[in-house]
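Participant: have a look; sequence and predicted model below, questions after that.
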Amino acid sequence: ADARPGGPDAEPDRDRPARRRIQHLADRLATRARMRPRVTRRTARAAGELLAGYETFIPEAAHVLVNALDLDARPGPLSAGLARLARLHTTRPALAVHTADALRRRLNTALRPGSDAGLLRAAGQLDEDGGHASGLFAATLTEVGGARTEWAEPWRERLRSLRAHPHADVRDAALRLTTTVE
């Protein structure tokens, strides 16, 4: 309110409207990619990749890309999309947790949440990567797939593997999962 007319927009005490506009556009694109995937998925992926090229917009890129994932895709494309998403989180462990939560919400609310075999294969490939974010994503896929199949043996094996993961956060996430109520 007390900013000088014609003064710079990025004074320390002023909001940064350009950043807010990017956030708004990313939110809208993520929503459309989730709600109307056939129409917007390709555009959302391209926009997410563009945003990923700027360090300051990695959170927005992750938000768009997790919502643009084709959860019903064949295992190869799903694994590749999740691996690319995991690479964005290399130096951002808090963002990786947030993105894993967004992935969980997507899987739990999707009309067609992917095949169990596709999710299991993607979880295995992410687990083998050994990274923090890829491990968290693998734990998320394991949580959803394991619960869906009432913890069939392949999912129990994946869970055992995640409980021995090199990153403590991934081990902790896997240890929080229970295969039976006692």
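Facilitator: Sure thing, it's come through.

Participant: number of nearby residues for residue 26?
Facilitator: The number of residues packed near residue 26 is 23, by other C-beta atoms under 10 Å. For the C-beta atoms, the positions are set from N, CA and C on the backbone; glycine is no exception.

Participant: quickly find the element holding it.
Facilitator: According to DSSP states H and E, residue 26 maps onto helix 17-35.

Participant: tell me the buried residues in that helix?
Facilitator: 22, 26, 29-30, 32-34 (16 or more other C-beta atoms under 10 Å).

Participant: need those in CSV (columns: pLDDT and distance to residue 42).
Facilitator: Compiled in CSV, the buried residues of helix 17-35 are given as follows (pLDDT from 0 to 100; distance: C-beta to C-beta, whole Å):
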residue, pLDDT, distance to residue 42
22, 91, 20
26, 94, 16
29, 92, 12
30, 93, 14
32, 92, 12
33, 90, 9
34, 87, 14
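
Participant: between the residues you listed, which is nearest residue 166?
Facilitator: Here the nearest of these to residue 166, counting by C-beta to C-beta, is residue 30; it sits at 30.7 Å.

Participant: the closest one reaches residue 64, doesn't it?
Facilitator: Yes - with contact taken as C-beta atoms under 8 Å, residue 30 and residue 64 are classed as touching, separated by 4.9 Å.

Participant: now for the two: what residues contact both?
Facilitator: Counting by C-beta atoms under 8 Å, 6 or more residues apart in numbering, the common neighbours of residue 30 and residue 64 are residue 44.

Participant: residues near residue 129, how many?
Facilitator: As a measure of burial, residue 129 has 18 neighbours, counting by other C-beta under 10 Å.

Participant: if I pick the most centrally placed residue in the chain, what's in contact with it?
Facilitator: Closest residue to the average C-alpha location of the chain: residue 99 at 3.8 Å, with C-alpha atoms, centre = their mean. Going by C-beta under 8 Å, 6+ apart, residue 99 touches 62-63, 66, 85, 89, 133, 136-137.
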